[in-house]
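[1] Sequence and predicted model, in that order:
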Amino acid sequence: MISVNNLSVQFNGKDLFKNITFLVNPRDRIGLVGKNGAGKSTLLKVFMGMIRPETGGTITVPGDVKLGYLPQELKVSDTRTVFDEALTAFTEFNDIETELDKAQHELSIRTDYESDSYSKLISKVTDLSDRLHVMGGANRDAEVELTLLGLGFKRADFTRPTAQFSGGWRMRIELAKILLKKPNVFLLDEPTNHLDIESIQWIEDFLKDYNGAMILISHDRRFLDTVTNRTIEISMGRIYDYKSSYTRYLELREERRQQQLQAYLNQQKQIEDTEDFIERFRYKATKAVQVQSRIKQLDKIDRLEIEEEDKAAIHFHFPPAPRSGRDVVKATNVVKRYGEKLVLDGVDILIERGEKVALVGKNGEGKSTFIKCLTNDVPYEGSIVAGHNVNIGYFAQNQDELLPADRTVYEVLDDIAVGDVRKKIRDILGSFLFSGEDVDKKVRVLSGGERNRLAMSKLLLEPYNLLVLDEPTNHLDIKSKEILKNALQQYDGTLIIVSHDRDFLQGLVNKVYEFADMKAKENLGTIQEFLDRKKIDNFRQLEQAKSKQPVVKEADNSKKQQVSNEQRRVQEKELKRLGNLVKKSEETIAKIEHEIEAMNGQITLPENATNTVMFSKYQALQKDLEREMNTWEELTMQVEKLDKI
């Protein structure tokens with residue numbers, strides 16, 4: 001369907017990828033993986049024509065293939081409500097519907113029924129109707145409603161201006177538009193970054209059932225395993241294509257590298273033995289023939305190489321946590337309002353020393369707000385008491401945006417470090433992949449992943465016994481997330497974490513607080529146990545939603561429902577014409593079937609076993625029958641459509 005041929009792209013004079021080639025087939029679910037900076041997002045931009053491969057190669061997309069692209073960062077409109085913005089996904093459908101209305105109106109006023117132009121107009125009406133039928137969209141209001149609800153919007157949000165929503169919610173609106181357009185190929189760049197766990201589960205179900213192809217960039221391992229069936233890794237300018245989901249790809253990659261290493265070692269042993277033989281017998285006349293043979297053999301060897309492996313990764317551990325009191329955080333009857341909007345209403349939370357706690361729930365339910373209350377970033381009512389000797393290390397959701405843009409990487413840490421740790425700043429930065437000239441870069445030129453790593457490195461400047469992390473994995477690649485998770489598992493203090501990444505939370509937390517309806521409900525156990533319980537609740541809610549779902553009626557526009565007498569007469573005439581064609585086609589089919597039946601007895605006789613003329617005629621009749629059956633089927637479908645009208 002889409003072909004990538006010898007594609008090469010450079011960035012700042014360095015090859016992002018060089019001479020890569022692969023095909024995207026219908027129903028492919030491709031996970032595009034690689035560390036931050038490998039070129040994944042750039043490749044999607046090349047697909048969309050936003051970046052041109054000046055250094056060589058092509059991407060060929062057939063004209064009838066529609067692409068649906070969701071970038072990490074996008075520009076959005078502030079002029080519509082949420083519902084109206086989502087409806088813009090049907091712009092093409094609306095244009096065709098308008099054109100169809102004009103053509104039907106013209107049919108109703110014309111009387112030159114026998115003219116060629118009138119026949120062409122009827123064909124145009126039929127063609128436009130077929131296109132609308134294929135595109136869907138007749139029930140677009142219901143489709144918009146279900147999609148927005150699935151992505152976490154409430155019905156009360158539908159009439160709110162998009163300008164009132166945060167960047168994460170605007171991303172959901174754009175995602176809704178792409179889902180509603182039903183493209184042939186999805187190009188999705190980190191679609192789960194701003195989604196809560198329930199919305200991620202919803203989009204997983206949508207993508208699994210979608211009848212099209214997909215190229216997906218994600219650092220959510222569980223999400224990749226659920227929706228992909230093929231993995232393409234970009235590493236050191238090359239690609240490695242595996243016909244498997246992410247976890248299986250990791251196993252296959254390791255198997256391939258082990259096989260490659262073994263073949264390389266075997267060849268090196270063979271080369272070493274051959275060179276030893278040549279050296280030992282080079283000057284012995286009796287071995288001259290064998291030596292020359294070994295030299296020629298050595299020259300002919302196609303020497304294997306081991307693929308260069310990118311081993312650069314963050315590596316760190318948190319300092320030992322000073323001992324705190326047993327009750328680390330005790331929140332009682334916490335209430336928080338933003339203006340007239342009530343976000344938290346009587347929240348009670350108790351977190352004890354050594355617990356690792358996840359705060360989960362839909363976006364906008366108050367998780368980050370509670371964190372800001374805990375860190376005294378916003379005023380609130382009620383009581384939040386930190387226990388004895390508690391020292392909080394805080395990573396805000398927008399921590400990377402809070403970094404001073406005009407300071408260098410080194411200066412960001414140097415500005416806040418005190419005591420002996422100042423001597424270790426370069427070591428700490430090196431642990432987060434900032435070395436050499438990187439430490440002198442201004443924050444403003446750093447990528448999202450680099451800013452995230454820099455913000456995380458600040459937590460190593462002093463020993464905290466309570467880490468409060470709000471979406472710490474955003475912009476981190478999968479390897480970096482695994483290293484962070486391991487560091488948090490080894491951390492001997494108390495942890496409060498807000499995250500939508502199920503794989504990251506699994507095995508890390510032992511208590512879950514679910515934020516919903518302005519409250520926080522305690523759930524003991526792992527994140528998977530919590531999700532298993534929630535899935536039952538969600539199915540019940542889904543069934544309730546289905547029972548309450550409004551019945552979608554046919555368009556209630558009386559102008560479209562009423563067919564004029566003239567139109568009815570035209571339709572009846574067209575029905576008669578099509579009926580005659582159907583009858584003629586049925587007669588042709590009967591005639592061909594009769595000829596085939598007559599030949600069936602002859603073609604099996606022994607004397608006709610080598611009669612190529614008879615076999616050719618028999619095959620031609622079979623093809624004629626198939627062609628005429630297709631014609632009859634198309635005519636019958638047209639009759640049925642007109643009958644419905």
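    Looks like it came in fine. Numbers count the residues shown, from 1 in each chain.
[2] immediately after the helix or strand containing residue 589, which helix or strand?
    Of the helices and strands defined by DSSP states H and E, residue 589 is found in helix 565-603. Sequence-wise, the next helix or strand downstream of helix 565-603 (DSSP H and E) is helix 612-644.
[3] helices and strands around that next one, which ones?
    In terms of contacts (3 or more C-beta pairs under 8 Å, 6 or more residues apart in numbering; DSSP states H and E), helix 612-644 is packed against helix 116-135, helix 565-603. (Glycine included, C-beta is placed from N, CA and C.)
[4] related to what we said a few turns ago, what about the helix holding residue 589, distance to the chain center?
    48 Å (C-alpha atoms, centre = their mean, to the nearest Å).
[5] Okay, now the unreliable bits of the stretch 101-250 of the chain?
    For the stretch 101-250 of the chain, the stretches with pLDDT under 70 are 133-138, 166-168.
[6] mind listing the strands for it?
    Counting by DSSP state E, counting those that start in this stretch, the stretch 101-250 of the chain forms strands over residues 185-189, 213-217, 230-235, 238-242, given from the N-terminal end onward.
[7] The third one pairs with which strands?
    With DSSP bridges as the test, strand 230-235 is paired with strand 29-33 (parallel), strand 238-242 (antiparallel).
[8] in stretch 205-218, what counts as buried?
    By neighbour count on 16 or more other C-beta atoms under 10 Å, the buried set for stretch 205-218 is 207, 210, 212, 213, 214, 215, 216, 217, 218.
[9] From these, pick the one nearest residue 59.
    Lowest distance from residue 59 to the buried residues of stretch 205-218 (C-beta to C-beta) belongs to residue 215, with 11.4 Å.
[10] wait, doesn't the closest one sit right on residue 22?
    No: with the criterion set as C-beta atoms under 8 Å, residue 215 and residue 22 do not qualify as a contacting pair; they are 10.4 Å apart.
[11] Please identify the deepest-packed of the strands paired with strand 230-235.
    Burial among these, expressed as mean neighbours by mean count of other C-beta atoms under 10 Å, is greatest for strand 29-33, which shows a mean of 24.
[12] before we move on, the earlier item: out of the strands paired with strand 230-235, flag the one nearest residue 142.
    Of all these, the one in closest proximity to residue 142, counting by C-beta to C-beta, is strand 29-33 (26.8 Å).
[13] same for the next helix or strand after that closest one, what does it pack against?
    Counting by DSSP H and E, the element after strand 29-33 in chain order, helix or strand, is helix 40-47. If you count contacts as 3+ C-beta pairs under 8 Å, 6+ apart, helix 40-47 packs onto strand 2-11, strand 29-33, strand 67-70, strand 185-189, strand 213-217.
[14] Give the pairing partners of the longest one; include direction for each.
    Taking DSSP bridges as the criterion, strand 2-11 pairs within the sheet with strand 14-24 (antiparallel), strand 58-60 (antiparallel).
[15] Check which residues of the shortest one are buried.
    Under the neighbour-count criterion of 16+ other C-beta under 10 Å, strand 58-60 has residue 59 buried.
[16] Average pLDDT for that strand, rounded please.
    Predicted confidence along strand 58-60 averages 86 (mean pLDDT).
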